[in-house]
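Asker: pasted the sequence and its predicted model underneath.
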Amino acid sequence: MSEDIQAGLAEILEEVAGVAPADATPEKSFTEDLDVDSLSMVEIATAVEDKFGVAIPDDELGNIKTVGDAISFIQKNK
Amino acid sequence: MTIHLRKGAPGTRVLGLGSYRPRRRVTNHELAQVMDTNDEWIQSRVGIAERRWASEDETLVEMAVAAGGKALAASGLAPDEVDLVVLASASLRAPIPGIGPQVAHRLGIPRPGAFDLNAGCAGFCYALGVASDAIRSGSARNALVVGVERLTDVTDQTDRSTAVIFADGAGAAVVGAAEEPGIGPVVWGSDGDQYNAIEIAAGSSTMTMAGQAVYRWATTKLTDTLVEAMEAAGVGPDDIDVFAPHQANLRIVESMTRKLGFGEKTVVARDIVQAGNTSAASVPLALTALLESGEAKSGDLALVLGYGAGLTFAGQVFRLP
């Protein structure tokens, strides 16, 4: 389950921000490790919403700092 | 006893465009000397290479008069043929009076209906819609629409998230009656639940912006507005010669362009690279730049969209003069 989410998230990261799928591991910080800027985070959030059928409000977006944060948010809200 | 109505015009068109760019050019390298930023950071986030900052003598009134005068000259109309002035701005430091009447007076337009309109960065497109409908209903024969901003007056120059973006300038259009419609219906609306996403709070002198929220709104909610504006005018993406959305962020321009699926002939305005975000002035500034460079020409069909504080949005299709 979490592997599927991680793989789906990795696809989005590659498409939106050019992150190599192998780099999209749970401990990675979007901004610090993967060089994803704040506006790309918005694009990732909208792509995650479409792909996984979850809603990520703007004020929640700031709490999602790592790939692992995103995976658990999707798991909880799916 | 029946109340009589005026006979309006069957259609309207833009008769002339004009703009004013402040003299002082400010590059990203210059900003990097005074704040913690750099060219690469700014270009990758917002796509701006340089912007214009107004000097002290380039006041809102002076810039509006300069742009309005050029639009008037391009229209071929005499000042006394204009009887409505709608001035859009979100950066007036003195709330009373509005500057529309003064700008009209300076241009020699005798006693027109004149007022200011604040719809944030959507101001020009709102004003164009209001002016066009006023002519259609017979409330005015010809109208001058101006978008003018000195956003540097309301920007915290130590806040690098806004100081690198906001800039100054003015743009104007003269609108008149036409047998064959040259301006399509305005499609406008607002999302007031996000009233504080872009604001100068009461008592504050500087603007704050929730960048992520505005970016998400612009890239997800406004494509429908653009499609509606085309449908309302009875045209499709393949008919559009020039796409000139508000120049807020180059990434938003590119995102909208991708989603709309224009044909190969469509020229997309990217004036933000040279002008920064000039709010209500950005659409006419971008259009005059394309006309001056020859990338756009008279008779081209343009799709425009303004969006910003409120949150507000307005778009329409019109033929370039």
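Answerer: Received the coordinates, thanks.

Asker: low-confidence ranges in chain A?
Answerer: A:1 (pLDDT under 70).

Asker: from the centroid of it, which residue is nearest?
Answerer: Residue closest to the mean C-alpha point of chain A, counted by CA atoms, centre = their mean, is A:A70 at 4.9 Å.

Asker: can you map out the helices along chain A?
Answerer: For chain A, helices defined by DSSP state H occupy the ranges A:2-17, A:38-52, A:58-61, A:67-77.

Asker: right, and the residue nearest to the centre of chain A touches A:V48 too?
Answerer: Yes. If you go by CB atoms under 8 Å, A:A70 and A:V48 touch, sitting 6.9 Å apart. For every residue, glycine as well, the C-beta is placed using N, CA and C.

Asker: which residues do the two both contact?
Answerer: Common neighbours of A:A70 and A:V48, using CB atoms under 8 Å, 6 or more residues apart in numbering or on different chains, are A:L9.

Asker: looking at the helices of chain A, which is buried most?
Answerer: Highest mean neighbour count among the helices of chain A (mean count of other CB atoms under 10 Å in any protein chain shown): helix A:38-52, with a mean of 19.

Asker: which residues touch that one?
Answerer: A:5, A:8-9, A:12-13, A:15-17, A:30-31, A:36, A:54-56, A:61, A:64, A:70, A:74, A:78, B:45, B:211-212, B:215-216, B:219-220, B:249, B:251.

Asker: distance between the ends of stretch B:10-26?
Answerer: Chord length of stretch B:10-26, first to last residue, is 45 Å (CA to CA, to the nearest Å).

Asker: still on that earlier bit, distance to B:M35 added to the helices of chain A, as TSV?
Answerer: Output for those, formatted as TSV (distance: least, CB to CB, whole Å):
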stretch	distance to B:M35
helix A:2-17	26
helix A:38-52	17
helix A:58-61	25
helix A:67-77	30
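
Asker: ok, which of those helices comes nearest B:A64?
Answerer: Among the helices of chain A, the nearest to B:A64 by CB to CB is helix A:38-52 (32.1 Å).

Asker: and that closest one with helix A:67-77, angle?
Answerer: 40 degrees (axes from the mean of the first three to the mean of the last three CA atoms, to 10 degrees).

Asker: all helices for the stretch 151-300 of chain B, in order.
Answerer: Under the criterion DSSP state H, counting those that start in this stretch, the stretch 151-300 of chain B contains helices at B:160-163, B:211-221, B:223-233, B:250-260, B:272-275, B:282-293.

Asker: the last one: how far from the chain's middle?
Answerer: Centre-to-centre, helix B:282-293 and its host chain are 11 Å apart (CA atoms, centre = their mean, to the nearest Å).

Asker: pLDDT on it, on average?
Answerer: Mean per-residue pLDDT for helix B:282-293: 98.

Asker: and that helix, what's buried?
Answerer: B:S282, B:V283, B:P284, B:L285, B:A286, B:L287, B:T288, B:A289, B:L290, B:L291 (16 or more other CB atoms under 10 Å in any protein chain shown).

Asker: I'd guessed the last one sits against B:A302; true?
Answerer: What that stands for is B:L291. No. The pair B:L291 / B:A302 is not scored as a contact, 10.0 Å apart, by CB under 8 Å.

Asker: quickly list what's touching both of these two.
Answerer: Looking at what touches both B:L291 and B:A302 (by CB under 8 Å, 6+ apart), the common residues are B:L320.

Asker: got the contact list for the residue nearest to the centre of chain A?
Answerer: So A:A70 contacts A:L9, A:I44, A:V48, A:I64 (CB under 8 Å, 6+ apart).

Asker: switch to 6 Å and redo it
Answerer: Neighbour list for A:A70: A:L9, A:I64 [criterion: CB atoms under 6 Å, 6 or more residues apart in numbering or on different chains].

Asker: what of B:E81?
Answerer: B:N142.

Asker: next one: phi and psi at it?
Answerer: Per-residue torsions, B:E81: phi -90, psi -10 (degrees, to the nearest 10).

Asker: go on, the one 10 residues further on?
Answerer: Taking degrees, to the nearest 10, you get phi -120, psi 30 for the backbone angles of B:S91.

Asker: could you chop chain B up by domain?
Answerer: Chain B resolves into domains spanning B:11-178, B:187-320 when parsed by the TED database.
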